[in-house]
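>>> Fold the following and give me the result.
(one chain, ligands or ions: 1)
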Amino acid sequence: MVKKITEFVYVIEHEEAANNVIIIGKKGVILVDTSLFPEKAKSIAKFIRDLTMKPVQLVFNTHYHPDHTFGNSTFDCPVVAHNLTREKMEMFDKTYFEELGLEYFELHLPDIIFEDEFVFEDNIKIEFIHGPGHTPDSSYVYIPQEDVLITGDTVINSMHPEIVQDSNLNVWIKTLESLPKAKHVVPGHGDPGDYSSVKKMIEYLDKLKKLFAGELSANQLEFDPNFSERKHAEILEWSIRNLLS
Ligand SMILES: [Zn+2]
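Numbering: from 1, shown residues only. Modelled structure (predicted):
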């Protein structure tokens, strides 16, 4: 299902899989993140064709995780990402595909890489900015004219965020605090929301830090709505194991 966020920004919703965002410029479409399975990426391409006659001119990858990047190969246009995103993706070999239960195929690696920021203008100005923390390469998209922020996994709504082995909570919180206070916030997973999603994410990571510092008990977190109301408690357990490793 496609949900309209503003005149030029749409989100493709597929339950709990990564969100894909369509930005409609004057000449063409910019697609943010491409999903895990090539089949799903094809359905994204179809959603775009149903929405507009314009071609997809650029794909942005918010970070290297496969549920945001593996569908790149479906799109015959340049892919833009942080240089570390490309570096990480270059390391994905056949064993990695096997671990994911996927048959091997050649990945479409980012063609255009940036370090701090990539700015693109096609009637509307789109800023693609490095904001590490969830992963060292994580980046977010800001569209000032539309008051829209597309966060990748830096913000997750309605379910627990994935804290991976290369996540850094302090850096992540710093990035969250530096995000533009946009009206519309499209998270990496879960329902689109507003700036309160960013605030909830800061609180969430801050409380996890307090848990590790012994300032909060697991019991206190269990009854905290910012934790208890998120789906997939098993992700939290997994995240805690990653933080401990
Ligand atoms: Zn991720």
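>>> Could you find the closest non-adjacent residue to the residue sitting nearest the centre point of the chain?
Nearest residue to the geometric centre of the chain (C-alpha atoms, centre = their mean): Gly152, 1.8 Å. The shortest distance from Gly152 to any non-neighbouring residue, by C-beta to C-beta, 6 or more residues apart in numbering, is to Thr62 (2.7 Å). No exception for glycine: its C-beta is placed from N, CA and C like everyone else's.
>>> In terms of helix, strand or coil, where does the one you found fall?
coil (DSSP: H, G, I helix; E, B strand; the rest coil).
>>> and it, what is it in contact with?
Residues in contact with Thr62, defined by C-beta atoms under 8 Å, 6 or more residues apart in numbering, are 32-33, 68, 138-141, 150-154, 188.
>>> Check the gap between it and Glu177 for me.
Distance, Thr62 to Glu177, using C-beta to C-beta, to the nearest Å: 18 Å.
>>> roughly how far apart are Val9 and Tyr142?
Counting by C-beta to C-beta, the gap from Val9 to Tyr142 is 11 Å.
>>> Which one of the two is surrounded by more residues?
Each of Val9 and Tyr142 has its neighbours counted (other C-beta atoms under 10 Å); Val9 has more, 25 against 21.
>>> what about the more buried one, distance to the ion?
21 Å (C-beta to the ion, to the nearest Å).
>>> Hmm, that residue is touching Ile143, no?
Yes - using C-beta atoms under 8 Å, Val9 is in contact with Ile143, at 6.7 Å.
>>> buried stuff in stretch 67-84?
The neighbour-count check on stretch 67-84 (16 or more other C-beta atoms under 10 Å) flags 67-75, 77, 79-82, 84 as buried.
>>> so what secondary structure elements neighbour the helix or strand of the chain with the lowest mean pLDDT?
Here the helix or strand of the chain ranked lowest by mean pLDDT, DSSP states H and E is helix 218-222, holding a mean of 89. Judged by 3 or more C-beta pairs under 8 Å, 6 or more residues apart in numbering; DSSP states H and E, helix 218-222 is in contact with helix 196-212.
>>> For the helix it packs on, name the packing helices and strands.
helix 169-178, helix 218-222, helix 225-228, helix 233-244.
>>> export these to a markdown table and tack on mean neighbour count and distance to Lys4?
Putting the helices and strands packed on helix 196-212 into a markdown table (neighbours: other C-beta atoms under 10 Å; distance: least, C-beta to C-beta, whole Å) gives the following:
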| stretch | mean neighbour count | distance to Lys4 |
| --- | --- | --- |
| helix 169-178 | 16 | 26 |
| helix 218-222 | 12 | 36 |
| helix 225-228 | 12 | 28 |
| helix 233-244 | 14 | 29 |
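>>> Show me whatever sits in contact with both of Val9 and Ile143.
In contact with both Val9 and Ile143: Ile23, using C-beta under 8 Å, 6+ apart.
>>> how about the residues of this structure near the ion?
65, 153 (C-beta under 5 Å from the ion).
>>> Can you show me the strands along the chain?
2-6, 9-12, 20-24, 29-32, 56-60, 79-82, 112-114, 117-122, 124-130, 139-143, 148-150, 184-186 (DSSP state E).
>>> Contacts for the third one, please.
With C-beta under 8 Å, 6+ apart as the test, strand 20-24 has contacts from 2, 5, 8-12, 29-35, 44, 47-48, 51-52, 54, 124, 126, 141, 143, 150, 186.
>>> go on, the longest one?
Contacts with strand 124-130, where a contact means C-beta under 8 Å, 6+ apart, come from 8, 23, 25, 30, 60, 80, 82, 114-120, 137-146.
>>> could I get that strand in CSV with only the CA atoms?
The C-alpha coordinates for strand 124-130 follow below in CSV (Å, rounded to 0.1, in the frame of the first residue of the first chain):
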residue,chain,number,x,y,z
ILE,A,124,12.7,20.2,-4.8
LYS,A,125,15.9,20.1,-2.8
ILE,A,126,16.8,16.8,-1.2
GLU,A,127,19.6,16.6,1.4
PHE,A,128,21.2,13.2,2.1
ILE,A,129,23.3,13.6,5.3
HIS,A,130,25.6,11.2,7.1
